[in-house]
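Participant: only geometry, no sequence info:
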């Protein structure tokens, strides 16, 4: 770590102690990135992204395809170097990284995969044994120990992958989409495993495209096209929505469409200046359309953050750029 | 005119000894979005295959547009599989042309809004988000009266999801009906009505709020959530972490307090979420099936 990096992380720790959010032991180390940028040729995959990973806490990295979630996790794992900015990690052997494809060997059994992983990380089989038994038992994998990994369902494979990266008790855990495509019963097991690791004191970063899942994390980082569009606890992100959001019962007018989106049978309209089209509208149709403002939830807040980013990009005169970006989602 | 686009009545499908779908009745009316929820193995995929006319029933009856599934009804059905169903080696334009030819002499309107610049690209080289929009355009281009969508917005951000759902809702505003299979609650909340399946059977039906009903969970707020988590785990009580609070979906509040031992905590009950209720229903279904 550079001197500047040390100074920065010392300042961060002091700040964390002073604000004392109750989740951090005094002096506990914090991992993550500071103003991290990554370029692949001409493409800016990550643009000044700051990620906090705190021991005993879960940070959810949220975004759609191409938002930069995987690149961010790969950087923190040490697989990709930074173009600019800073990465703080506890060192390669203290990191557990579960890639989206889990990295389990399909032609080895559950047991063989775990033994292989334990050996690779220098964990004594005897030491790993009881813990592995408990975790396999708790997540319904115990009966599958002798099965080949390619015979497992997607959910079982993900659970095995998580157990495998927990084996060497890493201080920092990186999970890339641990629950994507997994059914709710396996998802509950996966969440339990992740909470279990957090309870043991690991710092956890997990990526997801589902906000109901992000809502369960201690803090959330929302990425869109490589940039941070919102960060904080779910409550903080909701509280930070600029202006107001109101519900429309009818299709938004032409001039409202850029600021409106649909949820179920209703539309939501973002009013950046805080003035919702209210009962003083000109026509009966508009009066019928407008409803009182609502208290946004995390889904509204993230939608607004992405919308605001789109409008900013368009306003910067990069219209062609904005279309391309809108296209890759 | 019959407003019922799809109607399953007491449909059962067995594979040997195994009953994949067990006396399921389900309806999709004009203009309606029905969400079909279920864990893996609940029978959703089998039911969809039956409704598409790809699988026969062991007993019961299926009607699409008032008649048994047929080649004719298939022309008026739009299907978006989870894997999107595009040919990876063809361009977007070629995929659409292929689908158009398959559907024959029907009104055709492929909405390529925003996709024009990708139209000539080979699908497998496009980002997933673009592939998904191309698949939507293809599934809707023959203006189907009935849509079957399998986790249509998996893996996209909330704004992109809202825009894809706008496409679905526009079709249903125009009178189409949609059956959406999912196990994500954000998608479920977009639906007008939900049908929950577990182990081949329908275990609940109604709006999200009706399905949750008066189901409750126990909430534990401890100074140290990790300590409370450890204590409940040691007592064998399944528990979920949400932020810094714990939620216990399947254990009575009265049993939670003693299990905490001496860990100081505030314990109270609250209404279950749709996901928690869904989880309870699925567990009950599995226990019933296990005997």
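Facilitator: Nice, I can see it. Keep in mind that this is a model prediction, so the values were computed, not measured.

Participant: What helix or strand is residue B:170 located in?
Facilitator: Element membership for residue B:170 (DSSP states H and E) is helix B:158-173.

Participant: close to chain A, is the following helix or strand past that helix?
Facilitator: Once helix B:158-173 ends, the next helix or strand along the chain (criterion: DSSP H and E) is strand B:177-182. No - if you take Cβ under 8 Å from any Cβ of the partner chain as the test, strand B:177-182 misses chain A, and the best it gets is 10.3 Å. (C-beta placed from N, C-alpha, C; glycine too.)

Participant: Determine how far the helix holding residue B:170 lies from the middle of the whole chain.
Facilitator: From the chain centre to the centre of helix B:158-173 is a distance of 15 Å (Cα atoms, centre = their mean, to the nearest Å).

Participant: likewise stretch B:157-174?
Facilitator: The answer for stretch B:157-174 is 15 Å, by Cα atoms, centre = their mean.

Participant: Can you give me the buried ones in that stretch?
Facilitator: For stretch B:157-174, a neighbour-count test (16 or more other Cβ atoms under 10 Å in any protein chain shown) marks B:157-169, B:171-172 as buried.

Participant: Pull out whichever of those are also neighbours of chain A.
Facilitator: Applying Cβ under 8 Å from any Cβ to the buried residues of stretch B:157-174, one finds that B:157, B:158, B:159, B:160, B:162, B:163, B:165, B:166, B:169 fall near chain A.

Participant: sec struct for residue 187, please.
Facilitator: Using chain A. helix (DSSP: H, G, I helix; E, B strand; the rest coil).

Participant: please go with chain B instead
Facilitator: Reduced to three states by three-state DSSP, residue B:187 is helix.

Participant: Tell me how far residue A:165 lies from chain B.
Facilitator: Per Cβ to the nearest Cβ, to the nearest Å, residue A:165 is found 18 Å from chain B.

Participant: what do you get for residue A:120?
Facilitator: 28 Å.

Participant: and that residue, what pLDDT?
Facilitator: On the pLDDT scale, residue A:120 is placed at 86.

Participant: can you give me the end-to-end distance of stretch A:235-253?
Facilitator: End-to-end span of stretch A:235-253 (Cα to Cα, to the nearest Å): 31 Å.

Participant: contacting residues around it?
Facilitator: A:220, A:222, A:230-232, A:256, A:259-260, A:266-277, A:285-286, A:288-294, A:296-298, A:300-302, A:304-305, A:308 (Cβ atoms under 8 Å, 6 or more residues apart in numbering or on different chains).

Participant: That one: which residues count as buried?
Facilitator: Neighbour-count burial for stretch A:235-253 [16+ other Cβ under 10 Å]: A:237, A:238, A:241, A:243, A:244, A:245, A:246, A:247, A:248, A:252.

Participant: Ramachandran coordinates for the first one?
Facilitator: With angles defined as degrees, to the nearest 10, residue A:237 sits at phi -70, psi -40.

Participant: what's the answer for the fourth one, then?
Facilitator: Per-residue torsions, residue A:243: phi 70, psi -140 (degrees, to the nearest 10).

Participant: now it: how far from residue A:293?
Facilitator: To residue A:293, residue A:243 is 9 Å away according to Cβ to Cβ, to the nearest Å.

Participant: Assign the residue lying farthest from the centre of chain B to helix, strand or coil.
Facilitator: For chain B, the residue at maximal distance from the C-alpha centroid (Cα atoms, centre = their mean) is residue B:262, at 42.1 Å. Assigned state for residue B:262: coil (three-state reduction, three-state DSSP).

Participant: pLDDT score assigned to it?
Facilitator: Reported pLDDT for residue B:262: 86.

Participant: Residue B:57 and residue B:9 touch, don't they?
Facilitator: No - Residue B:57 lies out of contact with residue B:9 (Cβ atoms under 8 Å); the separation is 9.9 Å.

Participant: Could you identify the most distant pair in the buried residues of stretch A:235-253?
Facilitator: A:237 and A:252 (24.0 Å; Cβ to Cβ).

Participant: helix or strand for residue A:270, which one?
Facilitator: strand A:266-271.

Participant: Helices along chain A, start to end?
Facilitator: A:3-19, A:69-77, A:110-120, A:125-138, A:154-166, A:184-199, A:211-214, A:234-239, A:284-289, A:298-315, A:319-327 (DSSP state H).

Participant: and the third one, what other elements does it pack with?
Facilitator: Going back to what we said before, that points to helix A:110-120. helix A:125-138, helix A:154-166 (3 or more Cβ pairs under 8 Å, 6 or more residues apart in numbering or on different chains; DSSP states H and E).

Participant: Could you find the closest non-adjacent residue to the most centrally placed residue in chain B?
Facilitator: Nearest to the geometric centre of chain B sits residue B:182, at 1.9 Å (Cα atoms, centre = their mean). Nearest residue to residue B:182, sequence neighbours excluded (Cβ to Cβ, 6 or more residues apart in numbering or on different chains): residue B:151, at 5.2 Å.

Participant: unless I'm mixing things up, that neighbour is touching residue B:80, no?
Facilitator: No - the pair residue B:151 and residue B:80 fails to qualify as a contact (Cβ under 8 Å) at a distance of 9.0 Å.

Participant: Look up how far residue B:45 lies from the residue of the stretch 1-150 of chain A found nearest chain B.
Facilitator: Using Cβ to the nearest Cβ, the closest approach of the stretch 1-150 of chain A to chain B is made by residue A:64 at 3.3 Å. Distance, residue A:64 to residue B:45, using Cβ to Cβ: 25 Å.

Participant: who's more crowded, these two?
Facilitator: residue A:64 (25 against 19; other Cβ atoms under 10 Å in any protein chain shown).

Participant: surely that one meets residue A:207?
Facilitator: No - contact criterion Cβ under 8 Å: residue A:64 and residue A:207 do not qualify, at 10.9 Å.

Participant: Now the closest residue in space to residue B:184 that isn't next to it in sequence: phi and psi?
Facilitator: Once flanking residues are discounted, residue B:184 sits nearest to residue A:210: 6.1 Å by Cβ to Cβ, 6+ apart. As for residue A:210, its main-chain torsions (degrees, to the nearest 10) stand at phi -110, psi 120.

Participant: what's the neighbour count on residue A:210?
Facilitator: Neighbours of residue A:210 using other Cβ under 10 Å come to 22.

Participant: Pull the contacting residues for it.
Facilitator: A:179, B:184, B:186.

Participant: Not counting residues beside it along the chain, what's closest to residue 189?
Facilitator: Picked chain A for this. Of all residues not flanking residue A:189 in the chain, residue A:139 sits nearest, at 4.4 Å (Cβ to Cβ, 6+ apart).

Participant: my bad, the chain I had in mind was chain B
Facilitator: Per Cβ to Cβ, 6+ apart, closest to residue B:189 is residue B:208, 6.1 Å.

Participant: burial of residue 268, as a residue count?
Facilitator: No chain specified, so I'll use chain A. 21.

Participant: Please refer instead to chain B.
Facilitator: So residue B:268, with other Cβ under 10 Å, has 10 neighbours.

Participant: same deal with residue A:150?
Facilitator: Around residue A:150 there are 11 residues (other Cβ under 10 Å).

Participant: who's in contact with the most centrally placed residue in chain A?
Facilitator: Residue closest to the mean C-alpha point of chain A, counted by Cα atoms, centre = their mean, is residue A:61 at 1.6 Å. Going by Cβ under 8 Å, 6+ apart, residue A:61 touches A:51, A:69, A:72, A:73, A:205, A:206, A:207, A:208, A:220, A:221, A:223.
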